[in-house]
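Novice: my questions concern the predicted model and sequence given below.
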Amino acid sequence: MDEVYSDGVHEFRTGVTRIVCFLDQWCRSACYRHMQSPAKSETNRLADLTGDHYRTCLARLHSTLRPRSYLEIGTFHGDSLKLAKCPAIAVDPNFQLEHRVPTDAMPALCLFQMRSDEFFRSYNPRAILGRPIDFAFLDGMHLLECLLRDFIHTEKTCHGRSVVVLHDCVPLDLHMAGRAWNDMTRRALSVHPEWWTGDVWKIFAVFRRYRPDLTVEVFDAPPTGLVVIRGIDPSSQVLADHQKQIVELFGNSNGESALFEDFLSNLEINPTSRLAEVL
Ligand SMILES: C[S@@+](CC[C@H](N)C(=O)[O-])C[C@H]1O[C@@H](n2cnc3c(N)ncnc32)[C@H](O)[C@@H]1O
């Protein structure tokens, strides 16, 4: 009886030891996974981004690139527009400019108070500024189909060495990333209920599938990331030719949760300190 009892105790102790070892290994590998990818959490959301603020990054891009022409879609108070120091075009259906236009630094500025679709239908930025666009910042309507159209139109006005930057493509959770900006019930579940990025984050899946030729780099610029696109090809028709298919596939809320998981698992975020390095 004693032997059976002591064997039982031995087996019990061995079992416990194995479980402890297993838990220890599991914890170590979980910690390791976390270190490999510090911004991603286990709960399908990202930790707050900790790099330089996106406008600090934009200022750095302006001084590094020294563009000779700038196009901005979505201007609002003018906080990003005022960073430009070259002839510029800004498009917004509802300008709320709060800054003196820095005409000393900016030799020409054309404001188009209209939606970007209307602007691109009626005007040619190349013709207005007399040269292709060197640097564009797309920060207008936060719906995938709108950003897609803005990118398609903008790319045509650029040249091969132009840089196109996108804003708000790194939502921290799915609640701020839905298509309806006024869905407060959903936003209330977010870590930042006052933020809305819309579903422009789906542009990564679109680029991956249709434009692998583009160089797309994501930076950890708060609040919701900055995306720098190079390898611009003004002659490319791929996105325009597949626009209808893309919008049917991605421009709705179907399967968003799985798409968001895919987005998180493919996301590689660079520190903003690397910004100048990649240019
Ligand atoms: C986030 S704000 C822009 C902020 C600004 N770029 C900055 O960094 O300070 C977005 C702006 O996009 C504008 N907008 C909304 N729909 C638009 C559209 N279809 N075309 C162009 N701009 C649009 C809004 O009026 C709003 O002023």
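Specialist: Sure, I can see it.
Novice: only C-alpha atoms for contact and neighbour calcs from this point on.
Specialist: Will do.
Novice: where does pLDDT dip in the protein?
Specialist: 1-42, 99-103 (pLDDT under 70).
Novice: and the strands in it, which stretches?
Specialist: Taking DSSP state E to define them, one finds strands in the chain at 70-73, 88-91, 109-112, 133-138, 158-167, 215-219, 226-230, 269-270.
Novice: now for the last one, which elements pack on it?
Specialist: Using 3 or more C-alpha pairs under 8 Å, 6 or more residues apart in numbering; DSSP states H and E as the contact test, the elements touching strand 269-270 are strand 215-219.
Novice: likewise for the fourth one?
Specialist: Applying 3+ C-alpha pairs under 8 Å, 6+ apart, we find strand 133-138 packed against strand 70-73, helix 144-156, strand 158-167.
Novice: need the contact list for the residue nearest in space to the middle of the chain.
Specialist: Nearest to the mean C-alpha position of the chain, counting by C-alpha atoms, centre = their mean, stands residue 169 at 2.3 Å. Residue 169 is in contact with 197, 199-203, 224-227, counting by C-alpha atoms under 8 Å, 6 or more residues apart in numbering.
Novice: same thing with residue 81?
Specialist: Residue 81 touches 72, 75, 90, counting by C-alpha under 8 Å, 6+ apart.
Novice: tally of neighbours for the residue nearest to the second one when sequence neighbours are not counted?
Specialist: It stands for residue 75. Leaving aside its sequence neighbours, residue 75 sits nearest to residue 92 (C-alpha to C-alpha, 6 or more residues apart in numbering; 5.9 Å). For residue 92, the neighbour count with other C-alpha atoms under 10 Å is 21.
Novice: ok, now how distant is residue 92 from residue 74?
Specialist: To residue 74, residue 92 is 5 Å away according to C-alpha to C-alpha, to the nearest Å.
Novice: and residue 114, by the same measure?
Specialist: Separation of residue 114 from residue 74 (C-alpha to C-alpha): 10 Å.
Novice: neighbour count: the two, which is higher?
Specialist: residue 74 (23 against 14).
Novice: so who does the more buried one touch?
Specialist: Per C-alpha under 8 Å, 6+ apart, neighbours of residue 74: 90-92, 138-141.
Novice: what's the closest of those residues to residue 55?
Specialist: Using C-alpha to C-alpha, residue 139 comes nearest to residue 55 of the contacts of residue 74, at 12.0 Å.
Novice: so what does the nearest residue to the closest one once chain neighbours are set aside have for phi and psi?
Specialist: If the residues on either side of it in the chain are set aside, residue 139 comes closest to residue 74, at 4.8 Å by C-alpha to C-alpha, 6+ apart. Backbone torsions of residue 74, given as degrees, to the nearest 10, read phi 90, psi 100.
Novice: any idea how far residue 74 is from residue 97?
Specialist: From residue 74 to residue 97 the distance is 11 Å (C-alpha to C-alpha).
Novice: likewise for residue 271?
Specialist: For residue 271, the distance to residue 97 - C-alpha to C-alpha - is 31 Å.
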